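1. fold the following for me, if possible:
(4 chains, ligands or ions: 6)
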Amino acid sequence: MTTQSTYELPFKVDNAWCPGCGNFGILNTVKKTLAEIDIPQQNVVFSSGIGQAAKLPQYVHANYFNGLHGRALPVATAIKASNPELLVIAEGGDGDMYGEGGNHFLHTIRRNVDIVHLVHNNMIYGLTKGQASPTSQRGMVTPLQINGVSLEPANPLAVALSYGAGFIARVFSGDTKEMQEIISEAVKYKGYALIDIFPPCVSFNKINTYKWFKENTYYVSDDYDNTSFEQALGKAFEKEKLPMGILYKNPDQKKSFTEHLVAYKNNSKALYERTVNTKKLQELVDTI
Amino acid sequence: MTTQSTYELPFKVDNAWCPGCGNFGILNTVKKTLAEIDIPQQNVVFSSGIGQAAKLPQYVHANYFNGLHGRALPVATAIKASNPELLVIAEGGDGDMYGEGGNHFLHTIRRNVDIVHLVHNNMIYGLTKGQASPTSQRGMVTPLQINGVSLEPANPLAVALSYGAGFIARVFSGDTKEMQEIISEAVKYKGYALIDIFPPCVSFNKINTYKWFKENTYYVSDDYDNTSFEQALGKAFEKEKLPMGILYKNPDQKKSFTEHLVAYKNNSKALYERTVNTKKLQELVDTI
Amino acid sequence: MKKDITIVLSGEAGQGIKTVEKLFIHSLQEEKLHFFSTSEVMSRVRGGNNTTEIRIGSPVIQSFKESIDVLIVLGKNGTERVQHRLHKDSRIIGEEKNIPESIATSFSTTYVPFKDIANEAGNPVLTNTVILGYVLGMLGLQQKIGKKQLQKTFKEKEEKIITQNIEALKKGYEIGKDAVIKIDLPRTKSTPDKIILNGTQAIGLGAIAGGCNFMAAYPMSPGTGVLEFLAHQAETFGIVVEQAEDEIAAINMVLGSWYAGGRAMTTTSGGGFALMEEGISLSGMTEVPSVTHIGMRPGPATGLPTRTEQGDLMLAVFAGHGEFPKIVLAPGSLDECIHISQKAFDLAATYGVPVIILSDQFLLDSYSLTEKPDFSDTSYKKHITKTTKKFETYKITENGISPRGVPGHGNGFVCVDSDEHDETGRITEDADVRTAMMEKRLKKNKLITQHVIEPTIIGDSNFSTLIISWGSTYGVIAEALENKKIKGLAYAHFSQVFPLPNITKKLTEQAKRIVVIENNASGQFAKLIQMELGIKIHENILQYNGFPFSIEHITSVIDSELSRISKK
Amino acid sequence: MKKDITIVLSGEAGQGIKTVEKLFIHSLQEEKLHFFSTSEVMSRVRGGNNTTEIRIGSPVIQSFKESIDVLIVLGKNGTERVQHRLHKDSRIIGEEKNIPESIATSFSTTYVPFKDIANEAGNPVLTNTVILGYVLGMLGLQQKIGKKQLQKTFKEKEEKIITQNIEALKKGYEIGKDAVIKIDLPRTKSTPDKIILNGTQAIGLGAIAGGCNFMAAYPMSPGTGVLEFLAHQAETFGIVVEQAEDEIAAINMVLGSWYAGGRAMTTTSGGGFALMEEGISLSGMTEVPSVTHIGMRPGPATGLPTRTEQGDLMLAVFAGHGEFPKIVLAPGSLDECIHISQKAFDLAATYGVPVIILSDQFLLDSYSLTEKPDFSDTSYKKHITKTTKKFETYKITENGISPRGVPGHGNGFVCVDSDEHDETGRITEDADVRTAMMEKRLKKNKLITQHVIEPTIIGDSNFSTLIISWGSTYGVIAEALENKKIKGLAYAHFSQVFPLPNITKKLTEQAKRIVVIENNASGQFAKLIQMELGIKIHENILQYNGFPFSIEHITSVIDSELSRISKK
Ligand SMILES: Cc1ncc(C[n+]2csc(CCOP(=O)(O)OP(=O)(O)O)c2C)c(N)n1
Ligand SMILES: Cc1ncc(C[n+]2csc(CCOP(=O)(O)OP(=O)(O)O)c2C)c(N)n1
Ligand code: SF4
Ligand code: SF4
Ligand SMILES: [Mg+2]
Ligand SMILES: [Mg+2]
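-> Ligands and ions are numbered 1, 2, ... in the order given. Reported below is the predicted structural model:
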């Protein structure tokens, strides 16, 4: 088993986050959790987009593909499909995943790709300096929405349930213990697992602060039945106070994306280990 | 009041649909319904994408913007926002609206743009010859999904409810009376109104045929309470038989997109009727 | 006696022209005849008017011919659209009700009640088989060869269907024989070593030979074929095939797969590619390879979805924001489709750059014979290193290429970044590191131009006039040049269009007159040459009506060039 | 005595450099001084190292200068990164703890405890005001002018805040005065008719003057500023402003709005624009106008999000699949930003084509003085017809432009189509109609080149050497040329880059030597000229490290050109 320190970078990298940013909590917990999971460190791969959140992989000693704003999910899907041995974590902000990347969000859920999906939902665009994100609350005033946000906030959990996601959780960035448990469970879960995380953006989001999250969230109780779709759906629509914890874990495990792929029917090797079967290719030419 | 014939084209256009296609039923009912609605014909605008479904506006005597595959909704949004007097109908297929256009679907709902959204959900890609669409059923074999579709079918109604849509309906392409009523209601509804329509694709979809729809759908009964969000949500997840009719009509009418726009706060004129206020512009220059 | 013939099948979408085509061309192959078969279809599933032209003749036949010798009418809109292509000796064949009288009387028309005959044979669906029989009879070919094709095609069906088809073939054949055309079609000896392919299949085969094991794409004509081809081979060759939710997902999946060690490809058309450009730029920045096939069709926007054009060359060359190396290839023949598609994977893996293959509807959908490829000792370098703990993804090396690692293979970590980055793949904003990384990436250009795919040059090495083309126009120009005395004239066909092969400079310097032939409106390749070499192209031969150049058109262009030369 | 000075404020993101800059440059304006202020920031919200350079001097100062006269250090990383830009007479000013000793001792360093002084004045946040005071004092400017700025800025705040600020100003001023720099800064008379703007504001103002009443965009640096500028003016000018869910939505909204009669615009950077290309092609096909602003930053991919480059010219010129007319503009000064942004709307409406404005981070974020624009008789043609029943959207006319209708205005219907279409806007697949429509659209190119925005030409009309540039490099080249004897040399600055103005041919024919200066790695404008004119460009001066050209760099380029000429 690896220890936390192995996920610490052995060289110095300047962290670009603001002091006090909620992202630090996530970073620390992710490193800690990975260290406790029994998987070769070389097999851990992050796929992230662009945003403050999406810089997380820069600070972890593991593989990463830090791609385009909004596009972490298709990249993650392909990585997993090309080498099912890898633990693939797609990671990014609310703008990244629910805004620019909205369509991939929908269809990655449908595919049931066996990845862990971490969304730093700070309810704002951090990197571009404070515009509304899809999850920003009605009325929030920003440098762009000067009369306040008028759109209905997105409900990613409900969408995930609508499109058949089997693992759905929510957690606050500062709650190390809870986050650790949730991430471990998500890694174990064979299929698409969404973790919507609340990290306060101390520089731009003056509404959804540390205090606000403390006051407006709660963890579902121990006797909450997270195998019940109906109950999960109910939780997804609660707005008064936002429920956190593992809200849904479908006990009827569906086949994951890679399990459907015929590419692995007769050959379990990762793609990089394969070569073309020239005999079969010649056969194909002869019968085309 | 206009009569049906005015929406018939006064010149001949070759219809590109296959004989027997479900789209014909929709076309006829749309023309008929529009003729009975009290709106100047010149103010009717279609915004469509690309696909067999998206050709519908070609066959109606009205304005249209026949744009790109997947992009009818942002176009429709802007048309409405640029001239709120217009009746804007966004129209296209399931691939168009739920596949390529998935992100716009999500965010147009959030905006609550006052448009009628007609989706010809034939559960297949017609124009490109029979590949799976996001709503294709598990196991359907196509020229591309040769081992059958493995993805979870999309649930557009549930997504629409999750993102706050206020008007949600479903109807079969051949049910003129029901469709007429639903479209009229949708036009009257001040906000985003989704109508998911089932038109069998006789050329490529050999599963979801006329017969299949007859056997696998039903209309909600007269005493169904379509003002109840919970009931609507329940309906959206019914899979055994697919419920049809107006499934949800939010009685708490939210402000629509255009009603939020400050551009109309001091001026109700359509954008094309305006000119720049040079006095204010000079003032701005003086104080910048 | 005539030594070649052009037959056109004309009917509605959904009437089975494609079935007749397939059976017929396979029969032609058995007869050791050379042929070229090209289709033009409308953007609809039923109705309208589609045609398939099958030319038979000497082995260089590889282009669309305007002039029709035999028009076989399958449906009611079958004549008007092609009428202007008939000549005084043209024959029209079809059911009386489908041929307008005015046209019928202007040409030598034979009414054949195909459907009635099919009914006699037992089923109206046998119409296509009756037509096949008729054509074989008319051309004096062997009935048994048609029979063999039917047996092969329906081998999975019940006995009765086969018998009925054979009966229908026979009936058609008998009538066709009565109308036999006196013609002397030259046999070739080599057909057994040849196979029938269209461009789609050729690109698909090449991809598999190049090690393609991942395909993600969103359907878009005419690019969809390659996706469907690979889907059918997915299980046999272990290929991950996925229909993406949109083109943006597709290109990002391609990058994700290469990153993880796959050899991935996507396929689309110009409109879908426009959406992939940010991804192409990402491929350039991350140095994660990519292979993208663009089947061109006429734009702008939706344009003419089922027709042909070469309008997206500059789109491909300048795809993606920012500056980075890129390779654009444009096969001109089936053979090139195979080899270039195969090579594309090697180039991508070698240089870590985006590679784009430009084809078009005409090339993709036309069937012809090509040398049977020998894949028996096909192999490729993977260009993958097992990483060590000290592995750095963007190690600066002499030639700009860093050893390529894949996650999970070795002790190191593979860290790729879309921001400017240092050697470890971490974000940097340092001006010097930026400059060094830009130079590292751009340096590859030099290496790439040292290993280009050379243009094919035909004609007089002492040329003063040079005809230039790229991609699918190769066939028609090569055919037009065949059997011509070409003193003073040479023809260069480019299948690598960017970066330009170094030889282009020498070629254009020698030429006093340069004529570029392109299936587009603005002469994009001519512009590209001007841009790259700072020289002047003298003439463009352009066409942009959605159709490929005809052999007649190009022959007249070449004749006038030749006469211009001889006049001097 | 020195007649100009370069002051650099260097500190962390979030320390308020921007506040000092704003107050200081407004003070300079009051003092009738000419200045140029440019910032370079890191892609982060807090920390790192950002600098703002403020140059004061004669009125042609309009570029980045490498060499720093006074470095004011605000935070701990403030010196290392700029150290190489200091010269032997440079002064460093800052708190002792922020300046490494090795550097401090190598230069004339003054420790000023800004924060302690601020604390004395009542609040550590007053540090910026102390610095303002110090700088005013050091330059021998009037304290009361700084006071006026503070009063203006904080007029909405409580009395105490204003008093404290004035106190802080005074304290800073006193110490600054003790370190006064002997300098003779030339006053201009004209400043009252000038206003301070940055490129973002100038483009925003121009857009409003051009009738912009719809803006949809997705935030992306450095394009976001224009979006936010218009959001602040939305109510006053009746502008629909919407943050789109992505760039694809943005461009499609722009088209929807123009279609319905709006005058719409979007703003982005290269990566976002890459996603809009399909929409640009749609604008070309439907002939529905569009205006797109690209604030360029270094690519590929995410690149250097907060820095500058001119790397997306070819991306813009060849944006979108298929072939259609398009106009690409590239303002080089604040004045051009205003007028070109205004003009863009007129061009789009007149021709029904996509118009693209190319700016860059340097141009957008730099502040300077410009002639106050007079909008009092601004007006524009709407190019909208009231439709009649017989209205046809794509009526074929002599010059290719069809009268433009909008839905709901008149009795006719406006039917636009992304497929190839006939005059009524219905889909067609007819080859002749296709050709006619392609020609209709492409014909506009002729009209467009007849009404281009001409390049600005400076220098000897008998030139043999021609320097060419486009966009934001205008300022630095114009400044470098000022007060030079330029016999044999001319400079042409292009603010319309595509289609090329006809005069380009004449200019390049006269030149024996052509040097193109561009802030990119591949010499894109040089390539464009080669491509369009079939000529050879002799030299490229390029820079691609994320920073603008410095005046020193360009001056040396020009000096060597001049010496080359005089040697002949
Ligand atoms: C295609 C594209 N559009 C826009 C941007 C600019 N951009 C970078 S990050 C970002 C949003 C950041 O918000 P979020 O994803 O919520 O991350 P956060 O910074 O809040 O963690 C945007 C709009 C981009 N990089 N690429
Ligand atoms: C960007 C882009 N990608 C792909 C296509 C090709 N295409 C045209 S229609 C279509 C799907 C049609 O399916 P649907 O929207 O369900 O309409 P239907 O034909 O079934 O009515 C596709 C993939 C396109 N035109 N543009
Ligand atoms: S801007 Fe907000 S999200 Fe970004 S690092 Fe700072 S606090 Fe965190
Ligand atoms: S292919 Fe299907 S959807 Fe398209 S017209 Fe034919 S039946 Fe209708
Ligand atoms: Mg965020
Ligand atoms: Mg469909």
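2. isn't residue C:185 right up against residue C:33?
-> Yes - with contact defined as Cβ atoms under 8 Å, residue C:185 reaches residue C:33; the gap is 5.6 Å. Glycine gets a C-beta too; all of them are placed from N, C-alpha and C.
3. now for those two: what residues contact both?
-> residue C:56 (Cβ atoms under 8 Å, 6 or more residues apart in numbering or on different chains).
4. roughly how far does the most centrally placed residue in chain C sit from ligand 3?
-> By Cα atoms, centre = their mean, chain C has its centre lying nearest to residue C:363, at 2.9 Å. Applying Cβ to the nearest ligand atom, to the nearest Å, the value for residue C:363 to ligand 3 is 50 Å.
5. then residue C:522?
-> 46 Å.
6. count of neighbours near that residue?
-> For residue C:522, the neighbour count with other Cβ atoms under 10 Å in any protein chain shown is 17.
7. helix, strand or coil: sort out it for me.
-> Using DSSP: H, G, I helix; E, B strand; the rest coil, the structure places residue C:522 in coil.
8. how about it, phi and psi?
-> phi -120, psi 10 (degrees, to the nearest 10).
9. check what pLDDT it gets.
-> Model confidence at residue C:522, given as pLDDT, is 97.
10. distance of the closest residue to it other than its chain neighbours from ligand 6?
-> In this structure, residue C:522 finds its nearest non-sequential neighbour in residue D:323, 5.0 Å apart by Cβ to Cβ, 6 or more residues apart in numbering or on different chains. Distance, residue D:323 to ligand 6, using Cβ to the ion, to the nearest Å: 30 Å.
11. what residues sit buried inside stretch C:503-511?
-> For stretch C:503-511, burial by neighbour count (16 or more other Cβ atoms under 10 Å in any protein chain shown) applies to C:504, C:507-508, C:511.
12. closest residue of chain A to ligand 5?
-> residue A:93 (3.6 Å; Cβ to the ion).
13. next, that residue: phi, psi?
-> Here is the backbone geometry of residue A:93 (degrees, to the nearest 10): phi -90, psi 180.
14. part of a helix, is residue A:10?
-> No - per three-state DSSP, residue A:10 lies outside any helix segment and is coil.
15. just the pLDDT for it.
-> 95.
16. unless I'm mixing things up, it is touching residue A:61, no?
-> Yes - contact criterion Cβ under 8 Å: residue A:10 and residue A:61 qualify, at 6.7 Å.
17. okay, those two: which has more neighbours?
-> residue A:61 (18 against 8).
18. and that one, its phi and psi?
-> Torsion angles, degrees, to the nearest 10, at residue A:61: phi -90, psi 80.
19. and it, what does it touch?
-> A:6-10, A:41, C:413.
20. top of the residues you listed by neighbour count?
-> Counting neighbours by other Cβ under 10 Å, residue C:413 comes out on top of the contacts of residue A:61 with 23 neighbours.
21. so that residue makes contact with residue C:407?
-> Yes - judged on Cβ under 8 Å, residue C:413 makes contact with residue C:407 at a distance of 7.3 Å.
22. find residues that contact each of those two.
-> A:42, A:63.
23. just to revisit the earlier point, let me know the pLDDT of the residue nearest to residue C:522.
-> 98.
24. show me what contacts it?
-> C:299-300, C:311, C:520-522, C:544, D:438, D:442.
25. does residue A:167 touch residue A:194 like I think?
-> Yes - Residue A:167 lies in contact with residue A:194 (Cβ under 8 Å); the separation is 6.7 Å.
26. for chain A, what's the nearest residue on the stretch 251-400 of chain C?
-> With Cβ to the nearest Cβ, the shortest gap between the stretch 251-400 of chain C and chain A falls at residue C:261, namely 2.4 Å.
27. isn't there a helix covering that residue?
-> No - membership of residue C:261 in a helix is not supported by three-state DSSP, which gives coil.
28. which residue packs closest to it, ignoring adjacent ones?
-> The shortest distance from residue C:261 to any non-neighbouring residue, by Cβ to Cβ, 6+ apart, is to residue A:272 (2.4 Å).
29. and the buried residues of stretch C:503-511, which two are the farthest apart?
-> C:504 and C:511 (10.6 Å; Cβ to Cβ).
30. part of a strand, is residue C:48?
-> Yes - assigned with three-state DSSP, residue C:48 falls within a strand.
31. so it makes contact with residue B:15?
-> No - at 10.2 Å, residue C:48 and residue B:15 do not qualify as touching, with contact defined as Cβ under 8 Å.
32. show me which of those two is the more surrounded one.
-> Neighbour comparison, residue C:48 and residue B:15: the larger count goes to residue C:48, with 20 against 16 (by other Cβ under 10 Å).
33. contacts only, for residue C:332.
-> Taking Cβ under 8 Å, 6+ apart, one finds C:363, C:456, C:469-475, C:493, C:495 in contact with residue C:332.
34. so which of the residues you listed belong to helices?
-> C:363, C:474-475 (DSSP state H).
35. which one of the residues you listed is nearest ligand 5?
-> Taking the ones in helices among the contacts of residue C:332 together and measuring to ligand 5 by Cβ to the ion, the closest member is residue C:363, at 46.1 Å.
36. pull up the gap between that closest one and residue C:497, please.
-> According to Cβ to Cβ, to the nearest Å, residue C:363 and residue C:497 sit 14 Å apart.
37. residues from the stretch 51-200 of chain A in reach of ligand 1?
-> Contact residues (Cβ under 6 Å from any ligand atom) of the stretch 51-200 of chain A with ligand 1: A:51-53, A:69, A:92-96, A:100, A:120, A:122, A:124-128, A:133.
38. ok, residue C:522 - contacts?
-> So residue C:522 contacts C:542, D:323, D:442 (Cβ under 8 Å, 6+ apart).
39. can you get me a residue count around the nearest residue to residue C:182 once chain neighbours are set aside?
-> Computed as Cβ to Cβ, 6+ apart, the closest residue to residue C:182 that is not its neighbour in sequence is residue C:1, at 6.0 Å. By other Cβ under 10 Å, 7 other residues sit near residue C:1.
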